[in-house]
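Asks: Build me a model from this:
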Amino acid sequence: MDFLPIKRALLSVTDKSGLKEFAEFLHSRQVEIVSTGGTMKFLKEAGLPVTAVESVTSFPEILNGRVKTLHPKIHGGILADKDNPEHMETLKKHEIAPFDLVCVNLYAFASALQKKLPVRNMVEEIDIGGPCLMRATAKNFHSMLVLPDPKYYLRAMEEIKNPDGVSLAFRKEMSAQTFKITSEYDAMISLYLEGVSV
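Replies: Below you'll find the model as predicted:
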């Protein structure tokens, strides 16, 4: 699709700069906000209505937060091609609501490196759900918008204000930036693991 109206968003961020203003903007445009953990707490404290991920999945966060968004009710809603009638019928069959926007940034592994924690502690700083959400959304940029960094919020708001929806060109640009960010993140972890003993 050339233009994507934003009706449902998943917000799950480490860096909360600009988040309140962005979420307030989404709420003012009747966008449903789905969120997790600390982001959900932050948004609720800001007085915004938020749908908990576990109320979407009907499954609680487990393994000390290692598993919370890795679920078909989340990833099905992200990966469905909205131009494919079969995909949309599958969502309907399984009662999966589609997402339009995923706003995620990653655990600050670079900051964790400075603490020089033991390896067992460092692996807990490796984000799994975040990169999965980002890459899934970036792959499906024809049907989704991914925002991997707060610096894109203002541009995204301008795009969302368009009565037709967010342009394909902007969605493709955000997809490319997302794959760049996740590849750099993986490279940083790889270099760390190559340089430490277990």
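Asks: which residues touch the helix or strand bottoming out on mean pLDDT in the chain?
Replies: Taking mean pLDDT, DSSP states H and E as the measure, the helix or strand of the chain with the lowest value is helix 109-115, at a mean of 79. Residues external to helix 109-115 that are found in contact with it (Cβ atoms under 8 Å, 6 or more residues apart in numbering): 122, 125-127, 185, 188-189, 192. No exception for glycine: its C-beta is placed from N, CA and C like everyone else's.
Asks: Tell me which helix or strand comes right after it.
Replies: From helix 109-115 onward toward the C-terminus, using DSSP states H and E, the following helix or strand is helix 119-122.
Asks: Buried by neighbour count: which residues of the strand or helix carrying residue 173 qualify?
Replies: Per DSSP H and E, residue 173 falls inside helix 168-194. Buried residues in helix 168-194, defined by neighbour count with 16 or more other Cβ atoms under 10 Å: 170-171, 174-175, 177-179, 181-182, 185, 189, 192.
Asks: Which parts of the protein are helices?
Replies: Secondary structure of the chain by DSSP state H: the helices cover 19-28, 37-45, 53-57, 72-79, 85-93, 109-115, 119-122, 129-139, 153-161, 168-194.
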